[in-house]
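Asker: Model the structure of this input:
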Amino acid sequence: VTEAKRQVYGTVGVDLPAGPSELVVVGDGTVPAGWAAADLLSQAEHGSGYEVVACLTPSEGWAKEVIREVERRMEVLPTAGRARRALERRGLVVVTRTLEEALELAEDIAPEHLELLVEAPWRWLDSVRSAGAIFLGPYSPEPVGDYFCGTNHILPTGGAARFASALGVGDFLREVSLVAYSEERLRKARGKIARLAEAEGMEAHKRAVLEREG
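Answerer: Numbers count the residues shown, from 1 in each chain. As a prediction, this is how the structure comes out:
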């Protein structure tokens, strides 16, 4: 997909280039560690070896259990080789002081996918502004978004979720600005426009406005 976008860039409009998949799991220890491990592996197996998979939690015990579950599940996972390469390069488990700190770290990462495996996940939703897609609660694993629920699978990666959104219909539409000043409105703004044009050394811009003194 990325190569196709590269080849047509400048000829047709494209969205952001797709980087390796990313999943950040924020957990408070109330969800089975095996579920978090399964979700992390679901992204690690993509195959580039550079997938970002991170688990952030204030519970040290839960963090250790997640690590054990990841290792246990890889023993019987057909795609374990691919998953292990990603985990060794960009796998991360961080124990934070508080859940709030875990959410702040997730915000700094601005991941493609973010799972909130916490009690009352809706309560924490306002704490997250930078993520391509957010999966709330234990029964919304990331593959639901990949295959079934209808959210767009083409999401910003590499921290681009700080300023970009999922690909949508709007990306394929054009917007045209319309400007229709009245004589009175231009008369009120004329002086300000002229000063701005003058400050930029654009004398013709300035005169085009002052020409219409009426």
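
Asker: Other residues contacting the longest helix anywhere in the chain?
Answerer: The single longest helix within the chain, with elements called by DSSP state H, is helix 183-199. If you take Cβ atoms under 8 Å, 6 or more residues apart in numbering as the criterion, helix 183-199 is touched by 181, 203, 205, 206, 209, 210, 212, 213, 214. C-betas here are computed from N, CA, C, even on glycine.

Asker: ok, and what's touching the host helix or strand of residue 86?
Answerer: Element membership for residue 86, per DSSP states H and E: helix 80-90. Contact with helix 80-90 is made by 20, 40-41, 43-53, 70, 74, 77, as judged by Cβ under 8 Å, 6+ apart.

Asker: on that earlier part again, may I see the buried residues of the longest helix of the chain?
Answerer: 190, 194, 197 (16 or more other Cβ atoms under 10 Å).

Asker: Buried ones in the worst-scoring helix or strand of the chain on mean pLDDT, by neighbour count?
Answerer: Ranked by mean pLDDT, DSSP states H and E, the weakest helix or strand in the chain is helix 2-8, scoring a mean of 80. By neighbour count on 16+ other Cβ under 10 Å, the buried set for helix 2-8 is empty.

Asker: next structured bit after the longest helix of the chain?
Answerer: helix 203-210.

Asker: any idea of the mean pLDDT in that following helix?
Answerer: For helix 203-210, mean pLDDT rounds to 97.

Asker: Name the residues that touch it?
Answerer: So helix 203-210 is contacted by 186, 190, 193, 194, 197, 198 (Cβ under 8 Å, 6+ apart).

Asker: And for residue 56, the neighbour number?
Answerer: 23 (other Cβ atoms under 10 Å).

Asker: Use 696 as the first number for this chain going forward.
Answerer: Sure thing, new numbering starts at 696, so read that last one as residue 751.

Asker: Give me the residue ranges of the chain where confidence is low.
Answerer: Along the chain, segments meeting pLDDT under 70 span 710-712, 909.

Asker: So residue 750, which state does it fall into?
Answerer: strand (DSSP: H, G, I helix; E, B strand; the rest coil).

Asker: domain ranges for the chain?
Answerer: Domains of the chain are assigned by the TED database as 696-866, 871-908.

Asker: Only the buried subset of the contacts of helix 775-785, as a PyMOL command please.
Answerer: In PyMOL, this line selects whichever of the contacts of helix 775-785 come out buried by 16+ other Cβ under 10 Å:
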select buried, resi 715+735+736+738+739+740+741+744+746+747+748+765+769+772
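
Asker: Show only the entries of the contacts of helix 775-785 found in helices.
Answerer: Using DSSP H, those in helices are 735, 736, 738, 739, 765, 769.

Asker: could those residues go into TSV alongside distance to residue 792?
Answerer: TSV is the format used below for the ones in helices among the contacts of helix 775-785 (distance: Cβ to Cβ, whole Å):
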residue	distance to residue 792
735	22
736	27
738	26
739	27
765	23
769	29
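
Asker: Which single one of these is nearest to residue 842?
Answerer: residue 738 (13.5 Å; Cβ to Cβ).
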